[in-house]
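A.B. asks: Got a sequence here, can you build the structure:
(one chain, ligands or ions: 2)
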Amino acid sequence: MGVRKSVTAAVVVGLLATACTSGPESPSVTASGGGGAGIGADGIGDPYFPRYGNGGYDVSHYGIQVRYDPKSDQLTGRVAITAAATMPLRRFNLDFTGLPISRAVVDGQPATARQQEAELEITPAAEITGEFTVEIDYAGVPQPIKAILGEGGFLHTDDGAIALGQPESASSWFPVNDHPLDKATFDLAATVPDGLAALSNGTPEGAETADGWTTWRWAERAPMAPYLATLVIGDYRITSSSHKNRPILTAVPKSVPAGGPAETAMARTTDVADFLETQFGPYPFESYGGVVVSDPRISYALETQSRPVYGPSFFRAGGDGTWVVAHELAHQWFGDSVSIGGWQHIWLNEGFATYAEWLWAEHDRKISVQSQFDQVYGVMDWSVPTGDPGPANIFSGAVYRRGALAVHALRLTVGDEAFFDILKTWTTERRNGNAVTADFISLAERVSGESLRPLFDAWLFGTTKPPLPKP
Ligand code: TRP
Ligand code: ZN
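C.D. replies: Numbers count the residues shown, from 1 in each chain. Ligands and ions are numbered 1, 2, ... in the order given. A predicted model of the protein is given here:
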């Protein structure tokens, strides 16, 4: 979603029309346009993943309707996309892997859809300019996506499914412009056999049952990067209430005994969010929550917008799983509200989320941030540059732990007051937008009034151990 703000209600099939605002567009964040005269490019221009996303248009809203039957693994879907062309388009691409399309309509007219590997090429009846709508019907058995870390995309589980993954996953269950540069609002209606839950991002909009099927409705009204969209289907114990006038909904599989470590950690979601607000500024979204899954293939947690998904391994008897809650909730500010302008900038998400674990441990368990920094600083391998780790290393220690070291090095250099001022200014000015490393450095210099380029060069881009900063 770019500067355009309007949402065409008519195409949001039976769902809610939503209003949205966009954050400041960064001058250093650009999406590439064409792949030739009138042809939208098959990638958005990310040097790390050239085929992710597409060029030539900007989505403002996805209205998604899916029906899933765990017995046959069949997914039937319809997506209604509202977008704006950024150039006259005779043809454009969406990202979509595997499922056959039965109907494609652009601005109410039948369009031609051609599927090639992970790309869906749409040729409308007439050239598109300005705002347009796309509707696509599809059905089949969704497949996982080859991921850098663990399994990604749409996974079939014992009693349902989990759609989850980074740096991409959405294209395994709906046609999408699958890159964080194109954020959009979402409505989802997911129909599953009666008795199962279908959990997703944002505000719960109710559920209704007919003929043995239940339709669960969700609305995410803040712009969301597509990889942050999730769908978890299964037999869940749901807890819902409200906090600071926002709905909070958490879910744990019924197969996990009630009142165990997963529920104990989920129950602290708002404690953690309230603490992080004191560090990062106001919580950026309209709802809170978390979903714990039990499938052992989910060996990670993901910061799916407003409602992170946690794998089973984080919550063990006798352990304290709140560190991962602090990590995923920190991403609501760093990654979800302020999203990266390209995957090379992933430390802006993971460095800050890891730093939030240290802040939370200091707050909750009196383990000082400085002691965590000292420990990691002593053992870090400095060979991979945090600010440009390469596509194979976007989830490496160079991004997470070395990223957190860089954050603390900034704090030691500018002092606590300027440091927290930088963080809060960042989350305010960039809210609902995109940003890159150079934007953060400029903002840190502006707020602190110090020249910080040598500091960031050493901590983010150097390949040898940087000296400790002198305050
Ligand atoms: N971003 C996630 C986190 O740090 C971790 C992650 C990396 C992940 N790659 C993933 C999660 C792939 C799911 C799928 O919290
Ligand atoms: Zn993370």
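
A.B. asks: Quick check: Phe440 touching Trp347?
C.D. replies: No. The pair Phe440 / Trp347 is not scored as a contact, 9.4 Å apart, by CB atoms under 8 Å. The C-beta positions use only the backbone N, C-alpha and C, and glycine is treated the same way.

A.B. asks: Just want to know which of these two has more residues nearby.
C.D. replies: Neighbour totals were compared for Phe440 and Trp347, and Trp347 leads with 29 against 24 (other CB atoms under 10 Å).

A.B. asks: With adjacent residues omitted, what lies nearest to the more buried one?
C.D. replies: Ranked by CB to CB, 6 or more residues apart in numbering and with sequence neighbours excluded, the top spatial neighbour of Trp347 is Gly403, at 3.8 Å.

A.B. asks: show me the contacts for the one you found.
C.D. replies: Applying CB atoms under 8 Å, 6 or more residues apart in numbering, one finds that Gly403 lies in contact with 347, 350-352, 354-355, 386.

A.B. asks: Return the closest of these with respect to ligand 1.
C.D. replies: Out of the contacts of Gly403, the one with the shortest distance to ligand 1 is Glu350. That distance is 5.6 Å, counting by CB to the nearest ligand atom.

A.B. asks: How many residues are close by the closest residue to ligand 2 within the stretch 101-250 of the chain?
C.D. replies: Among all residues of the stretch 101-250 of the chain, Gln166 sits closest to ligand 2, at 8.6 Å; criterion: CB to the ion. Using other CB under 10 Å, the number of residues around Gln166 comes to 24.

A.B. asks: Show me which positions of stretch 291-309 end up buried.
C.D. replies: By neighbour count on 16 or more other CB atoms under 10 Å, the buried set for stretch 291-309 is 291-295, 298, 300-309.

A.B. asks: ugh, wrong one, I meant stretch 36-55
C.D. replies: Neighbour-count burial for stretch 36-55, with 16+ other CB under 10 Å as criterion, is recorded at 39-46, 48-49, 51-55.

A.B. asks: Checking my notes, His363 in a helix, right?
C.D. replies: Yes. Assessed by DSSP: H, G, I helix; E, B strand; the rest coil, His363 belongs to a helix.

A.B. asks: For it, which non-adjacent residue is closest in space?
C.D. replies: According to CB to CB, 6+ apart, the nearest residue to His363 is Phe275 (5.5 Å).

A.B. asks: tell me the secondary structure for that neighbour?
C.D. replies: Remark: Phe275 carries the secondary structure label helix [criterion: three-state DSSP].

A.B. asks: same check, this time on the one 10 residues further on
C.D. replies: When classified by three-state DSSP, Phe285 comes out as coil.

A.B. asks: and the nearest residue in space to it that is not next to it in sequence, what is it in contact with?
C.D. replies: Taking CB to CB, 6+ apart, and ignoring the residues beside it in sequence, Phe285 has Ser306 as its nearest neighbour in space, at 4.4 Å. Residues touching Ser306, when contacts are defined by CB under 8 Å, 6+ apart, comprise 201-202, 220, 222, 285-289, 332, 336.

A.B. asks: Quick check: which element contains Thr428?
C.D. replies: Thr428 is part of helix 416-429 when elements are defined by DSSP states H and E.

A.B. asks: Excluding chain neighbours, what is closest to Ser124?
C.D. replies: I think there's a mix-up here, since residue 124 is Pro and not Ser. Once its chain neighbours are removed from consideration, Pro124 has its nearest residue in Val106; the separation is 3.8 Å (CB to CB, 6+ apart).

A.B. asks: same thing with Ile298?
C.D. replies: The shortest distance from Ile298 to any residue that is not its chain neighbour, by CB to CB, 6+ apart, is 3.8 Å, and that residue is Gly311.

A.B. asks: For the residue most central in space within the chain, which non-adjacent residue is spatially closest?
C.D. replies: With the centre of the chain defined as its mean C-alpha position, the nearest residue by CA atoms, centre = their mean is Leu228, 2.7 Å away. In space, Leu228 comes closest to Gln305 once its chain neighbours are excluded; the distance is 4.2 Å by CB to CB, 6+ apart.

A.B. asks: Relative to Ala118, how far out is the one you found?
C.D. replies: 23 Å (CB to CB, to the nearest Å).

A.B. asks: Please tell me I have it right and the residue of the stretch 101-250 of the chain closest to ligand 2 contacts Gly153.
C.D. replies: No. In this structure, Gln166 sits apart from Gly153 without contact. The criterion is CB under 8 Å, and the distance is 10.5 Å.

A.B. asks: what residues are shared contacts of the two?
C.D. replies: Taking CB under 8 Å, 6+ apart as the contact definition, Gln166 and Gly153 share the neighbouring residues Ala147.

A.B. asks: Quick one: neighbours of the residue in the stretch 251-400 of the chain that ligand 2 sits nearest to, just the number.
C.D. replies: Closest to ligand 2 within the stretch 251-400 of the chain is Ala353: 4.1 Å, counting by CB to the ion. Here the number of neighbours of Ala353 (other CB under 10 Å) works out to 24.

A.B. asks: Going C-terminal from the helix or strand of the chain with the lowest mean pLDDT, what's the next secondary structure element?
C.D. replies: The weakest-scoring helix or strand in the chain, judged by mean pLDDT, DSSP states H and E, is strand 144-145 (a mean of 90). Of the helices and strands lying after strand 144-145 in sequence (DSSP H and E), the nearest is strand 152-156.

A.B. asks: name the helices or strands packed onto that following strand?
C.D. replies: Of the remaining helices and strands, those touching strand 152-156 by 3 or more CB pairs under 8 Å, 6 or more residues apart in numbering; DSSP states H and E are strand 144-145, strand 161-164.

A.B. asks: The shortest one pairs with which strands?
C.D. replies: So that's strand 144-145. strand 152-156 (antiparallel) (DSSP bridges).

A.B. asks: again with the longest one
C.D. replies: Based on DSSP bridges, the pairing partners of strand 161-164 within the sheet are strand 152-156 (antiparallel), strand 231-234 (antiparallel).

A.B. asks: So for the longest one, mean pLDDT?
C.D. replies: Taken as a whole, strand 152-156 has an average pLDDT of 94.

A.B. asks: contacting residues around it?
C.D. replies: 70, 73, 75, 97, 142-147, 161-166, 168-169, 171-173, 295, 297-298.

A.B. asks: Straight-line length of stretch 120-136, end to end?
C.D. replies: With CA to CA, to the nearest Å applied, stretch 120-136 spans 11 Å between its terminal residues.

A.B. asks: So what touches that stretch?
C.D. replies: So stretch 120-136 is in contact with 4, 6, 8, 10-11, 13, 38, 57, 78-85, 88-96, 101, 103-115, 175, going by CB under 8 Å, 6+ apart.

A.B. asks: before we move on, back to that, quick check: the residue nearest to the centre of the chain touching Glu303?
C.D. replies: Yes. At 6.8 Å, Leu228 and Glu303 qualify as touching, with contact defined as CB under 8 Å.
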